[in-house]
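Trainee: A predicted structure for the sequence below; I have some questions about it.
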Amino acid sequence: MTGYLIRRLGQAVLVVAGVIVLTFAIMRLVPGDPAVAYAGPKASAAELAAARARFGLDDPLWVQLWNYVRDLLSGEWGTSLHTRQPVASDLTTVFPASLELVGAALIVAVAAGVPLGVLAARYKGKFPDFSVRLSSMLAVSVPVFWLALAVQTVFASNLGWFPVAGEYDATLDTTSPLRVYTNITAVDALFTGNWPMLTSTLEHLVLPALVVAAYPAGVIAQMTRAALIEEAGQDHARMARALGFGETAVLTRFSLRPAAGPVLSLIALVFAYAIVNGFLVEAVFNWPGLGRYAADSIRSLDTPAIAGVTLVVALLYVLANLVVDLLQSLLDPRVRKAG
Amino acid sequence: MKTPAKGWTGTRPAGTALIEVRDLEVRAGGRVISSVPELDLGPGECVAIVGESGSGKTTALMATMGLIEGADVSGKITVCGTDVLSASPRTLRAVRGARVALVMQSPQAALTPTMRLGTLMRRALARHGVKGAEAAERARDAVGAVLLGEEILRRYPHEVSGGQAQRFAIALAIALGAEAVVADEPTSALDVTVQAEVVAVLRRLRAEHGLAVLLVSHDLALVSRIADRVLVMREGRVVESGQARTVFAAPADPYTRELIAAVPELPGGAP
Amino acid sequence: MTAVELRRTPLRRAADLARGDVLAATGLAVLALVALAALLAPWIAPYPEDGGTAVHLTEALRPPGAEHWLGTDQVGRDVLSRILYGARTSLFIAVAVLALAAAVGVTLGVVAGYAGGLVRDVIMRITDVFLAFPALLLSLALAVVLQPSVTTVVVAIAATWWPWYARLTASVAQSVARRGYVDAARCLGVPAPVIVFRHVLPNSLTPVLVQLSLDAGGVILTAAALSYLGLGAQEPEAEWGLMVEQGQSLFTTDWWVVTFPGLAILVTAFAFNVLGEGLRAALDPRRRPR
């Protein structure tokens, strides 16, 4: 187990190093001069030179890379060109909002996807299976920004069931201000007992979270179905039937846990995907997260901010994969032993 | 070997058999893959179906458990008084495990990998209405009866040997109070010494608990040691059947002669 | 599975697909229609000039009716015509991205799988790094530094998609490289590149084809998303994601401007996805549910 842990961590560190180099390469090796972007198109030669010196753009590439890594490690992620704030501090305020949205969406996706997958596997080839396959296929094929617009128009603008946009009712900032700990509004509101804020946040969360949940729910349902059908054909499932267990019990009590491995890995993959998919939904619902920050950064060609967003999401992806591998080794005694 | 009470050649009076098969035919893809005109298993008996792989013997065995999917089964199969082909799924589930238990070829693969053996046994007992202290006692007695220590119950399938896993599968049958065990090549995935262990356990349970065994095997040496009666199958059909001793001593069908000739330890076998 | 079924060739099974899998057959039929629309857009579009720069302000925002089946957009262009032209953009992007990604990925994967050892490790670690970037994210970063255009979209998405093919091909190539006939060829002194292209590559193709059909839907969705964010196709090009972006503020009042382009994306991505899923079930026995 310890050997496995060390090997797995080493692998993750290697990937993180690669991610940093690649981000650096994208930001520095491309046409376009960051100094011009910073100093503005009308800057004089002297201003440009000053900007170049400030960013160390005259140094050899490997020195720049070294400085970049050193800065990253010391928490110095550069200054955003559009907020004029340190990127690192920008990220600590916008990232939790994205996490809130995607976290809520994933909870919905697992809560819907796994039971639907079980249902489809239980009635394989029959009507419930067909409907689950059809709807999960639709869920993974729908353009998320369009779904967001449609849902917003119908349920917020037209029917008025939910707020149109934002993370919470802005007037609450004065009537019921939130003490901030984690920057995840719903969590902070819950733990400080700020009920008006919590209710408002949840209301605002419903539509965007459901939209973000569509894709993960679809793939989770498909993967659960496939993994369960595979597992239910194994000898041990046949043995369970021979012990007198019915088909539903064979699926839920005997097959679900052995089948959890592939489903869990999928959830890690989908997590990173949902964060980025969430960008589009954030743009539509004006959710103050990474996506809106990224969109603003793109509009102002804000290279340090884009690099920051890219790094955060890539690191998150690596972390999610790591967590899933470790979880899997806890869930499945066979992996535990192999490590 | 314990000799059966009467000189069996085939039929026994209806109603006294644990497993009774008449005119069984399993068809898949328009082809008969297994056909058994007559098979009876009485209390404490051991009947073996022998033949090479693909001869339809495993199919016949799974049909008696009512566990065949994707094929048409016709004929009449009665297990402990229950008509397998017409019974409701609910009735069948009450019979499976509690009256007739299955032992599979690959012992570890037959146990759920993420479940401790004790959990599996507890769930199986609970499924048939045995819970709490009685379940714990039955589990202890059953593993004892197959000569396993109690600590086996705390292990995962990958932590036990093939022989232990196979004996545990038999213990499941004992704990559930099954009167018959249906065993599909129970020893072919095991080492020779371990095979002997499993055979010894099966024989002892027959003698002490009156456990009946329906055995599928291509291992004629094993069959000759434990079976009372034998059905020889080839290409989905029964080519010969009768008392084990008679069949082994004077095989009527050329195919049976061939099978026996291939096994050196048997009287009629090659030197 | 019976022996009869085992003897069926992949092609026979693919043919059976149409009968067995209603969803996949529907997908294939829809894709054929989309491809026809893309090919014949200039001839079948009711207002061919609306695929480009045309402006008819007097015709702006007409609801769906006899003259404009799917209505007109904010500058009076026929939505149906633009959707037909948009099929060209979407299919072009999908084909270009997948061709690029497969070419790079399969080459690297075959090399990694056949060579093994250090070469394989280096290539696989590089793919790990690229896999850590969700497609849309790397595309975002790349699209910022390149000029927004359809070409940028193709390059950006291909850059994130090749590692999947590298990984897939490497594992297939590795198992093929161990087979007897490849060993035999090696012993006979057949040069490595010949072995790779004669023996290893053809064996890797079926899983890659299945993966390509599964990925096409995702590529179309990603491309549409990039255009929606303003990083892809630019006005006056007809592109479905861009059409949604241009019409989004009008959704409450003029629903057709946004609804139909979005539906076009949905239907095309759905068709690719069900077809890919069906092909996988039919051609890839490893993943076939039993």
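Mentor: Good, I have the coordinates.

Trainee: rest of the way, CA atoms for contacts and neighbours
Mentor: Will do.

Trainee: what sits against residue 45?
Mentor: Using chain A. Residues counted as contacts of A:Ala45 (Cα atoms under 8 Å, 6 or more residues apart in numbering or on different chains): none.

Trainee: Let me rephrase: I mean chain C.
Mentor: Residues counted as contacts of C:Ala45 (Cα under 8 Å, 6+ apart) are C:80-81, C:84-85.

Trainee: Same list, those residues, but as CSV with neighbour count and secondary structure please.
Mentor: Below are these laid out as CSV (neighbours: other Cα atoms under 10 Å in any protein chain shown; DSSP: H, G, I helix; E, B strand; the rest coil):
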residue, neighbour count, secondary structure
C:Leu80, 23, helix
C:Ser81, 26, helix
C:Leu84, 29, helix
C:Tyr85, 26, helix
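
Trainee: nearest to chain B, of those?
Mentor: Distances from chain B to those, taken as Cα to the nearest Cα, are shortest for C:Leu84 (45.9 Å).

Trainee: got the contact list for that closest one?
Mentor: Applying Cα under 8 Å, 6+ apart to C:Leu84 gives the contacts C:37-38, C:41, C:45.

Trainee: Repeat the analysis, applying 6 Å as the threshold.
Mentor: Contacts here follow Cα atoms under 6 Å, 6 or more residues apart in numbering or on different chains; on that basis C:Leu84 touches C:37, C:41.

Trainee: what does C:Arg62 give?
Mentor: By Cα under 6 Å, 6+ apart, the residues touching C:Arg62 are C:71-72.

Trainee: what about the helices in chain B?
Mentor: Counting by DSSP state H, chain B has helices at residues B:57-64, B:89-95, B:117-127, B:132-145, B:162-175, B:192-209, B:220-226, B:244-249, B:254-261.

Trainee: Put the alpha carbons of the last one into PDB.
Mentor: Once side chains and other backbone atoms are set aside, the C-alpha atoms of helix B:254-261 remain, and they are given as PDB (Å, rounded to 0.1, in the frame of the first residue of the first chain):
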ATOM      1  CA  PRO B 254     -17.900 -46.900 -27.500                       C
ATOM      2  CA  TYR B 255     -17.600 -43.300 -26.500                       C
ATOM      3  CA  THR B 256     -17.600 -44.300 -22.800                       C
ATOM      4  CA  ARG B 257     -15.000 -46.900 -23.500                       C
ATOM      5  CA  GLU B 258     -12.800 -44.200 -25.100                       C
ATOM      6  CA  LEU B 259     -13.200 -42.000 -22.100                       C
ATOM      7  CA  ILE B 260     -12.400 -44.700 -19.600                       C
ATOM      8  CA  ALA B 261      -9.400 -45.900 -21.700                       C
END
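
Trainee: Tell me the buried residues in it?
Mentor: By neighbour count on 16 or more other Cα atoms under 10 Å in any protein chain shown, the buried set for helix B:254-261 is B:255-257, B:259-261.

Trainee: what's the closest of those to A:Leu319?
Mentor: Nearest to A:Leu319 among these: B:Leu259, at 60.1 Å, using Cα to Cα.

Trainee: Distance from the longest helix along chain A to the middle of the chain?
Mentor: Criterion DSSP H: the longest helix present in chain A is helix A:195-232. Once both centres are worked out by Cα atoms, centre = their mean, to the nearest Å, helix A:195-232 turns out to sit 13 Å from its chain's centre.

Trainee: Report whether the helix or strand that comes right after that helix contacts chain B.
Mentor: For helix A:195-232, the following helix or strand on the C-terminal side (DSSP states H and E) is helix A:235-242. Yes. Applying Cα under 6 Å from any Cα of the partner chain, one finds helix A:235-242 touching chain B at A:235-236, A:239, A:242.

Trainee: Helix A:235-242 vs helix A:195-232, what angle?
Mentor: Counting by axes from the mean of the first three to the mean of the last three Cα atoms, to 10 degrees, helix A:235-242 lies at 90 degrees to helix A:195-232.

Trainee: for helix A:235-242, packing partners?
Mentor: In terms of contacts (3 or more Cα pairs under 6 Å, 6 or more residues apart in numbering or on different chains; DSSP states H and E), helix A:235-242 is not packed against any helix or strand.

Trainee: is the next helix or strand after it anywhere near chain B?
Mentor: Going down the chain from helix A:235-242, the next helix or strand is helix A:247-249, by DSSP H and E. No. Counting by Cα under 6 Å from any Cα, chain B is not contacted by helix A:247-249; separation bottoms out at 9.9 Å.

Trainee: which stretches of chain B have low pLDDT?
Mentor: Along chain B, the model assigns pLDDT under 70 to residues B:1-16, B:266-271.

Trainee: Check chain A too.
Mentor: Along chain A, the model assigns pLDDT under 70 to residues A:1, A:29-41, A:55, A:331-339.

Trainee: Up against chain C, what does it have?
Mentor: Residues of chain A lying near chain C by Cα under 6 Å from any Cα: A:15, A:18-19, A:141-143, A:146, A:230, A:273, A:314, A:317.

Trainee: which ones among those residues come in contact with chain B?
Mentor: Counting by Cα under 6 Å from any Cα, nothing from the residues of chain A next to chain C sits close to chain B.

Trainee: Now rank the residues you listed by neighbours and give me the top one.
Mentor: Highest neighbour count within these, by other Cα atoms under 10 Å in any protein chain shown: A:Trp146, with 28 neighbours.

Trainee: State the pLDDT value of the nearest residue to that one once chain neighbours are set aside.
Mentor: Leaving aside its sequence neighbours, A:Trp146 sits nearest to C:Gly262 (Cα to Cα, 6 or more residues apart in numbering or on different chains; 5.9 Å). C:Gly262 is assigned 90 on the pLDDT scale.

Trainee: which SSE is C:Gly262 in?
Mentor: Assessed by DSSP H and E, C:Gly262 sits inside helix C:256-283.

Trainee: And that helix, what does it pack against?
Mentor: Using 3+ Cα pairs under 6 Å, 6+ apart: helix C:256-283 touches helix A:127-141, helix C:22-44, helix C:201-228, helix C:240-247.

Trainee: which one of those is the most hemmed in?
Mentor: Of all the helices and strands packed on helix C:256-283, helix C:240-247 carries the top mean neighbour count, a mean of 25, counting by mean count of other Cα atoms under 10 Å in any protein chain shown.

Trainee: Now find how far off-centre that helix is within its chain.
Mentor: For helix C:240-247, the distance to the chain centre is 20 Å (Cα atoms, centre = their mean).

Trainee: partner residues bridging B:Leu39?
Mentor: Beta bridges link B:Leu39 to B:Val21, judged by DSSP bridges.

Trainee: one step back: a markdown table please, covering the contacts of C:Ala45 and showing pLDDT.
Mentor: A markdown table is the format used below for these (pLDDT from 0 to 100):
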| residue | pLDDT |
| --- | --- |
| C:Leu80 | 87 |
| C:Ser81 | 86 |
| C:Leu84 | 89 |
| C:Tyr85 | 89 |
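
Trainee: wait, which of those residues is closest to A:Gly218?
Mentor: A:Gly218 has its nearest neighbour among the contacts of C:Ala45 in C:Leu84, at 28.5 Å by Cα to Cα.

Trainee: shaky segments in the stretch 1-150 of chain C?
Mentor: For the stretch 1-150 of chain C, the stretches flagged by pLDDT under 70 are C:1-20, C:143-144.

Trainee: okay, now residue 91: neighbour count?
Mentor: By default, I'm working from chain A. 19.

Trainee: hm, I was asking about chain B
Mentor: The number of residues near B:Thr91, taken as other Cα under 10 Å, comes to 14.

Trainee: just C:Arg77 next, same as before
Mentor: So C:Arg77, with other Cα under 10 Å, has 27 neighbours.

Trainee: Please tell me I have it right and it contacts C:Gly51.
Mentor: No. Using Cα atoms under 6 Å as the test, C:Arg77 is too far from C:Gly51 to be in contact (7.9 Å).
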